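> Here is a sequence with its predicted model. Questions after.
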Amino acid sequence: MIGMLSDWLFTSAFGIYMAAALLCAAEWSLTRYSDSPPAAAVRCGRLGVALTVLGALLHLGSLVLRSVAAQRVPWGNMYEYLSAVGLVVVVAWLYVVWRHGLRRLSLFVMLPLALLLFLAGNQLYVEVAPLQPALRSYWIAIHVAAAVLASGVFLLSGVVSGLHLWTAHRPAKRLPPADHLDRVAYRTGTVGFATLTFAIITGAVWAEAAWGRYWGWDPKETVAFVSWVCYAAYLHARATAGWRGKPAAWINVIGMLAVLFNLFFVNLVVSGLHSYAGTG
């Protein structure tokens, strides 16, 4: 019963996110030919944010009830993992909207989020079940939580850098200045890099306890390291004269692609010590 309620909350959150995305699209469309947003656009934007907050609360409830039903952390398989990553994206974006006033760009976050949750709920869903023996460790509450946080923040940072590249290539009235987007992408990328570093370190400690070695170049470990290198290069480029702006933004986008490759291809296609991540 609790598991069914969790599923219902997930589906409800997805529907509300879609409604929020439609309102964000309406706000974007209504401001297309206007120097200042008309009242209708403002109302659509505010209602879209309100629905996003409601969706986030339902989404959080879904994960909490999933945890209660399974009597474990709610990220023991790919469905749960992607759901948790999606919640991180939403919460991080709401903070960005509140802190940096980028509400008008919500469409470009909500649509990828909806796609991510659609894949989780329709292609990767599994019934509530206990953890596999290999995952029964307190490290799952530390290492995987850090990986979830890093993945969500990096996806948001990559989207913002993509918008930065769009603005730098073709300035538009509806988009904030490129340097503003650059600052937001950099700040979120810094949080993601610190969290990914922690996830890699704790993952190595867990690997030594579980498999007798800290690092073995397993496919997931390898791609995680590649992602770490990409984001280290991004932060370095962002702080280096001549690389700030578009070159650094391109590196950030490449880092986001590495994260997506790790999320889907490595977890679901490649065989390795982390292959259990795709099952219940």
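Ah, there it is.

> roughly how far apart are R103 and V73?
R103 sits 32 Å away from V73, going by C-beta to C-beta, to the nearest Å. Heads up, the C-betas are built off the backbone N, CA and C, glycines and all.

> And L116, by the same measure?
If you go by C-beta to C-beta, the gap between L116 and V73 works out to 20 Å.

> Then V229?
28 Å.

> Neighbour count for these two, which is higher?
Remark: of V229 and V73, V73 carries more neighbours, 20 against 12, as counted by other C-beta atoms under 10 Å.

> so is that one in a helix, a strand, or just coil?
coil (DSSP: H, G, I helix; E, B strand; the rest coil).

> Which helix or strand lies directly C-terminal to the longest helix that the chain contains?
Of all the elements of type helix in the chain, the one with the most residues (DSSP state H) is helix 178-211. Tracing the chain C-terminally past helix 178-211 and defining elements by DSSP states H and E, one meets helix 219-238 next.

> what about that following helix, average pLDDT?
Averaging the model's pLDDT scores along helix 219-238 yields 92.

> Now it: buried residues?
219-224, 226-228, 230-231, 233-235, 237-238 (16 or more other C-beta atoms under 10 Å).

> What's the first helix or strand after that helix?
On the C-terminal side of helix 219-238, the closest following helix or strand by DSSP H and E is helix 246-261.

> Please name every helix or strand in contact with that following helix.
With contacts defined as 3 or more C-beta pairs under 8 Å, 6 or more residues apart in numbering; DSSP states H and E, the secondary structure elements packing on helix 246-261 are helix 143-169, helix 178-211, helix 219-238.

> Quick one: closest of these to W98.
Go through those one by one with C-beta to C-beta and the one that ends up closest to W98 is helix 178-211, at 12.3 Å.

> Now do the closest one: which elements does it pack against?
Contact here means 3+ C-beta pairs under 8 Å, 6+ apart; on that basis helix 178-211 packs against helix 78-100, helix 143-169, helix 219-238, helix 246-261.

> Go through those helices and pick out the most buried.
Each of the helices and strands packed on helix 178-211 was given a mean neighbour count from mean count of other C-beta atoms under 10 Å, and the largest, a mean of 23, is that of helix 143-169.

> ok and it relative to helix 78-100, angle-wise?
Orientation note: helix 143-169 sits at an angle of 50 degrees relative to helix 78-100 (axes from the mean of the first three to the mean of the last three C-alpha atoms, to 10 degrees).

> now helix 143-169, how far from the centre of its chain.
In terms of C-alpha atoms, centre = their mean, to the nearest Å, the gap separating the centre of helix 143-169 from the centre of its chain is 7 Å.

> quick check: angle from that helix to helix 178-211?
Going by the same axes, to 10 degrees, helix 143-169 makes 160 degrees with helix 178-211.

> Any chance of the helices and strands packed on helix 246-261 in TSV with distance to L51 as columns?
Listed next are the helices and strands packed on helix 246-261 as TSV, based on distance: least, C-beta to C-beta, whole Å:
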stretch	distance to L51
helix 143-169	18
helix 178-211	22
helix 219-238	32
